[in-house]
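Peer 1: based on what follows, work out the 3D shape:
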Amino acid sequence: MTGGADPVLRVSGLRKTYGVVRAVDDVSFTLDKGRSLGVVGESGSGKTTTARIIVGLEHADTGQVAVAGRDRTESRRHGRAERLRRAREVQMVFQDPFLSLDPRIPVGTALRETLRLHFPRRDGAARVAELLDQVGLGERAAAALPRELSGGQRQRVAIARALAVEPAVLVLDEAVAALDVSVQAQILNLLADIREQTGIGYLFITHDLGVVRCVTDDVVVMWRGAIVERGPTERVLAAPEHPYTRLLLDSVPRPGWDPGRVAADRRALASTAAPSPSSPDHRKS
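Peer 2: Numbering: from 1, shown residues only. As a prediction, the model looks like this:
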């Protein structure tokens, strides 16, 4: 997360406001090739807005996003070829795959259309079979409509479609939150295998510390739009230094859990001012 000589993703000084609300406040981090970074926080923390800026679905007020050293935040208009290249750099898998898949189009057709758009000279049929095998689906899934698949199978299709364009970075926005626990484990194991095989970089956007513990190397914790803690996942979860990180950990039910104390801690934290970008907690790495 602190970055190697040439990180695959570099996010520098992102800021985004909506009226008087600072949704993203001076957010910076790096992701190296083949690494997995978790961006953790509750609703309203700014994590999803950060992800949408990285993908290109939102524009930052200030700051920069660079993939393999190429700036993605420049404001000039791009031609079709450049837009497609930028789309291939970073792909996103959403929480609800049903909403991101066309219900009228069979899985195989959807994958072939993606390949035809980005790689028109390749053998689409062979690549579709390869992608379905990569995400643990058989050839029979190619003829299925999204409604004929389970939630876990649809998420596998969404992952396959994202992988089809061979991105450098895959952003997973609460990608297993809507799945049963057993299916979550299957998808997370699948993602771990794909990362090992391809060297792709993962950016996990999540509120689930269990997911963070299982699949990320490093983590940044966001609160009120700013990063308040960062570091190796094992260290941050074992010895959190910021009160908000401790609150997130204390909010997970377990034997001896005291929801009243958690609520009191939450009220106390809510009464404090958000950290400034120059504060020690913001700079920790």
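Peer 1: report the distance from stretch 114-125 to the chain centre.
Peer 2: 26 Å (Cα atoms, centre = their mean, to the nearest Å).
Peer 1: how about residues contacting it?
Peer 2: Leu84, Ala87, Arg88, Leu111, Arg112, Arg127, Val128, Arg161, Ala164, Val165 (Cβ atoms under 8 Å, 6 or more residues apart in numbering). For the C-beta atoms, the positions are set from N, CA and C on the backbone; glycine is no exception.
Peer 1: pLDDT on the helix or strand harbouring the first one, on average?
Peer 2: Taking DSSP states H and E as the definition, Leu84 sits inside helix 80-89. Looking at helix 80-89 alone, the average pLDDT works out to 86.
Peer 1: tell me if Gly63 really is in a strand.
Peer 2: Yes. When DSSP: H, G, I helix; E, B strand; the rest coil is applied, Gly63 is found to be in a strand.
Peer 1: near it, how many other residues are there?
Peer 2: For Gly63, the count of nearby residues is 18 (other Cβ atoms under 10 Å).
Peer 1: now do Leu101
Peer 2: So Leu101, with other Cβ under 10 Å, has 20 neighbours.
Peer 1: measure it to Glu174 for me?
Peer 2: Relative to Glu174, Leu101 is positioned 17 Å away (Cβ to Cβ, to the nearest Å).
Peer 1: again with Asp217
Peer 2: Taken as Cβ to Cβ, the span from Asp217 to Glu174 is 19 Å.
Peer 1: which of the two has more neighbours?
Peer 2: Using other Cβ under 10 Å as the criterion, Asp217 and Glu174 rank with Glu174 on top: 19 against 16.
Peer 1: residue contacts, the more buried one?
Peer 2: Phe94, Gln95, Ile205, Thr206, His207, Asp208 are the contacts of Glu174 under Cβ under 8 Å, 6+ apart.
Peer 1: with secondary structure and distance to Ala68 added, can I get these in a markdown table?
Peer 2: Putting these into a markdown table (DSSP: H, G, I helix; E, B strand; the rest coil; distance: Cβ to Cβ, whole Å) gives the following:
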| residue | secondary structure | distance to Ala68 |
| --- | --- | --- |
| Phe94 | coil | 24 |
| Gln95 | coil | 27 |
| Ile205 | strand | 21 |
| Thr206 | strand | 25 |
| His207 | coil | 29 |
| Asp208 | coil | 29 |
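Peer 1: please name the nearest non-neighbouring residue to Leu137.
Peer 2: Counting by Cβ to Cβ, 6 or more residues apart in numbering, Leu137 lies nearest to Arg156, which is 5.5 Å off, once chain neighbours are set aside.
Peer 1: tell me the buried residues in the longest helix seen in the chain?
Peer 2: The residue-count maximum for a helix in the chain (DSSP state H) belongs to helix 181-198. For helix 181-198, the neighbour count (16 or more other Cβ atoms under 10 Å) marks Val183, Gln184, Gln186, Ile187, Leu188, Leu190, Leu191, Ile194, Arg195 as buried.
Peer 1: which of those residues sits closest to Val169?
Peer 2: Set against Val169, the nearest of the buried residues of helix 181-198 by Cβ to Cβ is Arg195 (11.3 Å).
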